[in-house]
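**Q** Sharing a sequence plus its predicted fold:
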Amino acid sequence: MEHLTRNYRVLGAVLFSVAISVISAGAQTPQGPKHKNSIGMEFRRIEAGSFTMGSDGSRLPDEILDAWEGASKRKIFLPIAGDYDESPAHQVTISRPLYIGAYEVTKQQYEQFDPAHRRLRGKLGFSQGDDEAVVFVSWQEATAFCGWLSKKEKLPYRLPTEAEWEYAARAGTATPFHTGYTLPAEFLKNQVRSWFPDAVRSKGQPAISLAVGQTRPNAWGLYDVHGNVEEWTNDWYGPYGAGEQTDPVGRIAGDFRVTRGGSHSTEIYYLRSANRMGTLPQDKSWLIGFRVVLGEMPKTRPLPVPPHPLHQRGVSQKVPPSLSRGSDPAVPYFKGPRVFVKVAPNSAGPLFSHHNHDPAIVECPNGDLLAIWYTCVDEPGRELGIVASRLRYDSEEWEPAELFWDAPDRNDHAPALWFDGKKTIYHFNGLSAAATWGSLATILRISTDSGATWSKARLIIPEHGPRHMPIETVFRTKEGFIVLPSDADVGGSGGSTIHISRDNGRTWQDAGGTIAGIHAGIAQLRDGRLLAFGRRDDIDGRMPKSISADMGKTWSRSASEFPPIGGGQRLVLLRLKEGPLFFASFAKQIAITDVSGKQRQVSGLFGALSFDEGATWSTRRLISDDGPGRQLGTTDGAPFTLSWESAEPRGYLSVCQTDDGVIHLISSRLHYAFNLAWLKAPPPVQPITQAGSQAKGEMR
């Protein structure tokens, strides 16, 4: 079905191109410096010429950076004059004159094409007046407007290419903005990192008019190219090609269509002429509008799709005969910890060595393990993207990380993975309208070839707002429903919710209730009820436990027997193939019973088992090799001591159990592998050697 939909999109684009050619064949293109069409849109003639597209990453003076809101982190971590995707700076020639809208398309103009769009006037407080830039339009809708206008005017209207947009916006300048190195105050419309529409962190959105033409135009007569609304371009997003180019048109395909110009409620850094943004073509928000070009589309051949990253190359499609046969399940087995987060030092995009966190892990149909997580400088930043690493079935080491999924200059907060046990891996992710996780929509991609290829992302929860941030671990209920846990609030408290699909992922509904605690771990009990544990929202100083008897519509809450957890920590809950419930979390101090039958206190990452559907957790075990003590790194390499009495102190956990019964638990940096027999075996009364620990069972 996916390939048919893609073919229809391609066919539609071809037919649109042919239609424009036919329409324009009998029409006379304007010749003067200005043009005004029948619905009042004004255009400026842009002559052919050449310019330097992109930026070279050179450093700017601190006095200029100090004037840019949100630029302080880039003084330390990023090339200030441009993000990684703006290089290489390259010479581009626009070979023919074209007419481009002097203003962004307004509400009044767009509603002549789509009268029903009038009902969106004032949505979330935006775009109420006739002369305000239209927002809440997808790339497809913007393209359809151009087609309607072409038919009406018998002239070739379309979206600009990315190169045409930057050429016209710069208007002969080579500075970050057409106004120079800074933007005058008249251009600034809430140019901060915004948490809108979250009511708590955003503290209300200031009233912002999107009226066009209220600031000075650039030298070529174009208004609002910096910071009124983002503007759709025609191009698929992808890395720039090197060398001189004439009339480039971007990549032949991709996940994201490029937007340019930045918008209100965005840090000034992202309003630069060279800055590139993008999102899914079907995405809509209060930040994105468009302007129109009058002129034939260049006949340039698009660039090919970039090569696949390492984790998608050479992926075996064979299922190993030994996949379900591992070590003897009756013999305790422990392996690790091994580092799976392998990002080169001093990386500054698209991978960032500064902060790597919030992982998800899944077994692939071919026996490989795939882990994904976010990488960034700053968690609320627009630079945050998703990267991946693969542990191949016949390998002992995780591969170096490479990019997995990254909407350009959108905060892609909170990935989740799930394998249906047959052939399909599901990838869920948040997609922010801007920075922060205050405005997430939720996407879904699938792979049926062990992650070698992925479907195009589909918005399954298209509205940007709270309750849309995915959490590990996704599971299927005994009724056949897929359950996707999500945070219900963007703050440290406020709880979690679940989204449910009753049709195998096609449609999704918020169950409506709220679990106590964010980042909840959830599992189904044998009687059909749902059990959940969460972070914060503590009850009597203990971790909160929530139970739902109506598939998440309502939840009862009580204190669990586990200590609460806080910042930088996330628990997991999983139904094991053998039947017990497995729980893993962190504790500053917790009692375990060793092989002598005596209790002793340990600290850090621990696992627990319940054989009575979560009523009690009789078996507890430190997740450690039980050694005498050695220094390792937790999240972002922070040091800790792993020993028989201390384990990793923090991290976001994710867990899966492979076909051979091995439980694979990852934190924000490390991978632990063990079986049920190891969890059930009492720990030793004294440290054991590293060699002794590793000898417990054979590796898968």
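**A** The structure has been received and is ready for your questions.

**Q** How many neighbouring residues does residue 674 have?
**A** 23 (other C-beta atoms under 10 Å). Every C-beta, even on glycine, is put in place using the N, C-alpha and C of the backbone.

**Q** ok, and the closest non-adjacent residue to it?
**A** In space, and not counting its chain neighbours, residue 674 is closest to residue 334: 4.5 Å by C-beta to C-beta, 6 or more residues apart in numbering.

**Q** How about residue 549?
**A** residue 529 (5.0 Å).

**Q** Correct me if wrong: that neighbour contacts residue 551.
**A** No. Between residue 529 and residue 551 there is no contact, the gap being 9.0 Å when judged by C-beta atoms under 8 Å.

**Q** In terms of neighbours, single out the busier of the two.
**A** Each of residue 529 and residue 551 has its neighbours counted (other C-beta under 10 Å); residue 551 has more, 20 against 15.

**Q** any idea how far residue 672 is from the more buried one?
**A** 32 Å (C-beta to C-beta, to the nearest Å).

**Q** repeat for residue 510
**A** Note on residue 510: its distance to residue 672, by C-beta to C-beta, is 33 Å.

**Q** Next, the residue nearest to the spatial centre of the chain: secondary structure please.
**A** By C-alpha atoms, centre = their mean, the chain has its centre lying nearest to residue 412, at 2.1 Å. In the three-state summary, residue 412 is assigned as coil, counting by DSSP: H, G, I helix; E, B strand; the rest coil.

**Q** Surely the residue nearest to residue 674 touches residue 627?
**A** No. With contact defined as C-beta under 8 Å, residue 334 does not count as touching residue 627 (10.9 Å).

**Q** the more surrounded of the two?
**A** residue 334 (24 against 18).

**Q** State the pLDDT value of the more buried one.
**A** Per-residue confidence at residue 334 stands at 96 (pLDDT).

**Q** Let me see the backbone angles for it.
**A** phi -140, psi 140 (degrees, to the nearest 10).

**Q** and the gap between it and residue 572?
**A** Residue 334 sits 17 Å away from residue 572 when distances are taken as C-beta to C-beta.

**Q** got it, and residue 668?
**A** 13 Å.

**Q** Likewise for residue 476?
**A** With C-beta to C-beta as the criterion, residue 476 and residue 572 are 17 Å apart.

**Q** likewise residue 221?
**A** Residue 221 is 58 Å from residue 572, by C-beta to C-beta.

**Q** Compare those two and say which one has the larger neighbour count.
**A** More crowded of residue 221 and residue 572, by other C-beta under 10 Å: residue 572, with 24 against 17.

**Q** ok, now which ones touch that one?
**A** 472-473, 521, 582-585, 653-655, 665 (C-beta atoms under 8 Å, 6 or more residues apart in numbering).

**Q** If you rank the residues you listed by neighbours, which is first?
**A** In the contacts of residue 572, the most neighbours by other C-beta under 10 Å go to residue 472, 30 neighbours.

**Q** Identify the residue spatially nearest to residue 326, adjacent ones excluded.
**A** In space, residue 326 is closest to residue 660, 3.2 Å off (C-beta to C-beta, 6+ apart).

**Q** what's the spacing between the one you found and residue 143?
**A** Going from residue 660 to residue 143 by C-beta to C-beta gives 50 Å.

**Q** neighbour-wise, which of those two wins?
**A** residue 143 (21 against 18).

**Q** in a helix, that's where the more buried one is, yeah?
**A** Yes. Residue 143 sits within a helix when classified using three-state DSSP.
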